[in-house]
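In: what's the 3D shape of this:
(2 chains)
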Amino acid sequence: MKQFSKFEIPEELKPDLKKAHRYEWITIGYLLTTSVLVYLSMGSSQAMKTAWFEDMISLTPSIAFLIAAKVSGKPPCEQFPYGYHRIVSIAYLCSAVALLSVGSFLLFDALLSLVKQEHATIGTVVIFGHQVWLGYIMILVMLYSTYPSYYLGKKKLPLAEKLHDQILYTDAKMNKADWMTATGTIVGVVGIGFGLWWADAVAAILISLDILHDGFGHTKQSIFDLMDEKPKTLDLEKDEPLIDVILRHMRAQGFVRDADLRLREEGHVFSGQGFVVMDPGGDPTRKLEELAESVKRIDWRIQDFNVVPVSKLGDEP
Amino acid sequence: MLFFRILMSLSLFFLIGCEDFPRDPEKTLEKVSGKTLKVGYAEDPPHVVSGASGASGPQAALVEKFAEKLGSTVKWVKKSEQQLFEDLEQRELHLVIGGFSKQTPWKDRVGISRPFKSSSGSEYVFAVTNGENGFLVKLEEFLHEEIDLPYEGLSP
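Out: This next block holds a predicted model:
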């Protein structure tokens, strides 16, 4: 029985992983400062309360990423013979649920304030002896919530693709949710300034639909991953192309009459089995071991792969 | 990026500030200016006491002065606190006074002004209809000029 080897990320991806870590720490620090500022400028505005709550939830993917990164690299041991990769799938689920809850909360809250016809009251504050409408302060704070989030999200997306990291990908979507919500709040506060009490809620509803779309998609995918669904690309659009590559590789072997495989996603990496119908003769054990090794060399993400000899494939008679 | 630049300049534009910004959704300021300011009061001696022609006392005097500034005449309405706040919520009153502190349990259902200090040092607020930000800002502006408002931090 083959043991799981210790997972090592390829040398050339290490700088990217380091970068991802840095961005996540920056995100956490940045979100904490925003939440303090938002809390201070909240007043009695429901929109700002929502924004604050959202800031707190949007910390989830960053924290999940850092915890998962710490745990997932550990070598397998007697208690965890399959290694620790699955923590990534669990952290992905948590991040996706966080994204989904931000969207649902925003939508629910906005609908409620529309139904109750809540008119947000925004008064004034005194800053350096000048009386200022609190709405202006809220807009400034929300501006601080837009661009850095936008930038962080933009930086994380390509890293997530390279590192094949679903948590990072979800976190990039969370950053997108953040800057969109902040923009919506600005529109809402300006709307309130013009006497349109409903502007806030309508902006929030439109934005929440986009967040819900991402949140729902990723929650579904993370559950499917835990159910060992066929791996998908990070944007959930297509089947993972690697599946075809491996299949073609196996079928191209001289001693293989026919082959099939199943693959599942375990965090950053894939594991699975290949099934081959072999031509008789030779040293089957060695051939199969070599085939398994050569499959693993196709891509660093193939963490574990066993090849099983079978007399026929699937439903063939 | 263009999007953000537009956003920035737009908000800067607003920061310069127009005269009638923010505005009231229900146009309270417009409705009371030069007309009648309906003020509900609950007695809280010595700040608000019942007089011959409505309320008197220092907080009532503030309201009279505010009305004068708007060119309005005050119509005093005396009711129980419960009734006053319900009327305010229903937009039947414009302003409610009565020695309320900023911790008033009604603060989620009506708008409250930034607190101002009485001579004894306690802090009081006036209540307005929720969301009438133009009127509220006008009121706070008046209070700010009239009494030296204590610095309250960002969260009133």
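
In: Low-confidence stretches in chain B?
Out: Confidence mapping of chain B against pLDDT under 70 gives the ranges B:1-5, B:7-19, B:148-156.

In: And the strands in it, which stretches?
Out: For chain B, strands defined by DSSP state E occupy the ranges B:36-41, B:49-51, B:54-56, B:73-78, B:95-100, B:111-112, B:116-117, B:123-128.

In: And for the stretch 1-150 of chain A?
Out: Applying DSSP state E, counting those that start in this stretch to the stretch 1-150 of chain A gives strands spanning A:124-127, A:130-133.

In: Residues of the stretch 1-150 of chain A that sit close to chain B?
Out: Proximity of the stretch 1-150 of chain A to chain B (CB under 8 Å from any CB of the partner chain) is limited to residues A:39-44, A:118-126, A:131, A:133-137, A:139-140, A:143, A:146-147, A:150. To be clear about C-beta, it is placed using only N, CA and C from the backbone, and glycine gets the same treatment.

In: go again using 10 Å as the cut-off
Out: Applying CB under 10 Å from any CB of the partner chain, we find that the stretch 1-150 of chain A lies next to chain B at A:37, A:39-44, A:117-143, A:146-147, A:150.

In: So which of those residues are in helices?
Out: Among the residues of the stretch 1-150 of chain A next to chain B, the members falling in helices (DSSP state H) are A:37, A:39-40, A:134-143, A:146-147, A:150.

In: what number of residues lie near the residue lying closest to residue A:195 once chain neighbours are set aside?
Out: Computed as CB to CB, 6 or more residues apart in numbering or on different chains, the closest residue to residue A:195 that is not its neighbour in sequence is residue B:23, at 3.7 Å. Here the count is done by other CB atoms under 10 Å in any protein chain shown, and residue B:23 has 20 residues near it.

In: so who does residue B:23 touch?
Out: Neighbour list for residue B:23: A:192-196, B:29-30, B:132-135, B:137 [criterion: CB atoms under 10 Å, 6 or more residues apart in numbering or on different chains].

In: which non-adjacent residue is nearest the residue of chain B found nearest chain A?
Out: Per CB to the nearest CB, residue B:131 is where chain B lies closest to chain A, at 2.2 Å. Leaving aside its chain neighbours, residue B:131 sits nearest to residue A:119 (2.2 Å; criterion: CB to CB, 6+ apart).

In: pLDDT score for residue A:159?
Out: For residue A:159, the model assigns a pLDDT of 95.

In: In this structure it contacts residue A:165, no?
Out: Yes - counting by CB atoms under 10 Å, residue A:165 is a contact partner of residue A:159 at 7.4 Å.

In: Comparing the two, which residue is more hemmed in?
Out: Regarding residue A:159 and residue A:165, a neighbour count based on other CB under 10 Å identifies residue A:165 as having more, with 25 against 18.

In: Can you pull the phi/psi pair for the more buried one?
Out: Dihedral angles of residue A:165 (phi, psi; degrees, to the nearest 10) stand at phi -120, psi 110.

In: Let me see the contact set for it.
Out: A:16-17, A:20, A:65, A:68-69, A:88, A:92, A:156, A:159, A:171-172, A:234, A:267-268.

In: biggest separation within those residues, which pair?
Out: A:16 and A:92 (18.4 Å; CB to CB).

In: Neighbour count: those two, which is higher?
Out: Taking neighbours as other CB under 10 Å, residue A:16 and residue A:92 compare with residue A:92 leading, 29 against 18.

In: wouldn't that one be in contact with residue A:221 here?
Out: Yes - here residue A:92 reaches residue A:221: they are 8.1 Å apart, a contact under CB under 10 Å.

In: What segments of the stretch 151-300 of chain A are helices?
Out: Secondary structure of the stretch 151-300 of chain A (DSSP state H, counting those that start in this stretch): helices at A:166-193, A:199-226, A:242-251, A:284-296.

In: same deal with chain B?
Out: Applying DSSP H to chain B gives helices spanning B:2-16, B:28-32, B:58-70, B:81-89, B:133-146.

In: quick revisit: what sits in contact with each of residue A:159 and residue A:165?
Out: Counting by CB under 10 Å, 6+ apart, the residues touching both residue A:159 and residue A:165 are A:16-17, A:20, A:172.

In: want to try JSON lines for those, with distance to residue A:276 and pLDDT as columns?
Out: Listed next are those as JSON lines, based on distance: CB to CB, whole Å; pLDDT from 0 to 100:
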{"residue": "A:16", "distance to residue A:276": "35", "pLDDT": "94"}
{"residue": "A:17", "distance to residue A:276": "34", "pLDDT": "93"}
{"residue": "A:20", "distance to residue A:276": "37", "pLDDT": "95"}
{"residue": "A:172", "distance to residue A:276": "39", "pLDDT": "95"}
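
In: Considering those, which possesses the most neighbours?
Out: When neighbours are counted by other CB under 10 Å, residue A:172 leads these with 26 neighbours.

In: can you pull the contacts of that one?
Out: Counting by CB under 10 Å, 6+ apart, residue A:172 touches A:23, A:27, A:61, A:152-161, A:165, A:214, A:234.

In: hmm, back to that, now the helices of chain B in JSON lines, with mean neighbour count and distance to chain A?
Out: Compiled in JSON lines, the helices of chain B are given as follows (neighbours: other CB atoms under 10 Å in any protein chain shown; distance: least, CB to the nearest CB, whole Å):
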{"stretch": "helix B:2-16", "mean neighbour count": "12", "distance to chain A": "5"}
{"stretch": "helix B:28-32", "mean neighbour count": "20", "distance to chain A": "10"}
{"stretch": "helix B:58-70", "mean neighbour count": "18", "distance to chain A": "15"}
{"stretch": "helix B:81-89", "mean neighbour count": "18", "distance to chain A": "10"}
{"stretch": "helix B:133-146", "mean neighbour count": "21", "distance to chain A": "5"}
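
In: Minimum distance to chain B, which residue of the stretch 101-250 of chain A gives it?
Out: For the stretch 101-250 of chain A, CB to the nearest CB, closest residue to chain B: residue A:119, 2.2 Å.

In: Buried subset of the contacts of residue A:172 as a PyMOL selection?
Out: Here is the PyMOL selection string for the buried members of these, based on 16 or more other CB atoms under 10 Å in any protein chain shown:
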select buried, chain A and resi 23+27+61+152+153+155+156+157+159+160+161+165+214+234
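
In: which residues touch the most centrally placed residue in chain A?
Out: Nearest to the mean C-alpha position of chain A, by CA atoms, centre = their mean, lies residue A:170 at 2.2 Å. Going by CB under 10 Å, 6+ apart, residue A:170 touches A:60-61, A:64-65, A:91-99, A:156, A:160, A:214-215, A:217-219, A:221-222, A:234.

In: just the angle between the lowest-mean-pLDDT helix or strand in chain A and helix A:166-193, please?
Out: The weakest-scoring helix or strand in chain A, judged by mean pLDDT, DSSP states H and E, is helix A:46-57 (a mean of 75). On the basis of axes from the mean of the first three to the mean of the last three CA atoms, to 10 degrees, helix A:46-57 is oriented at 170 degrees to helix A:166-193.
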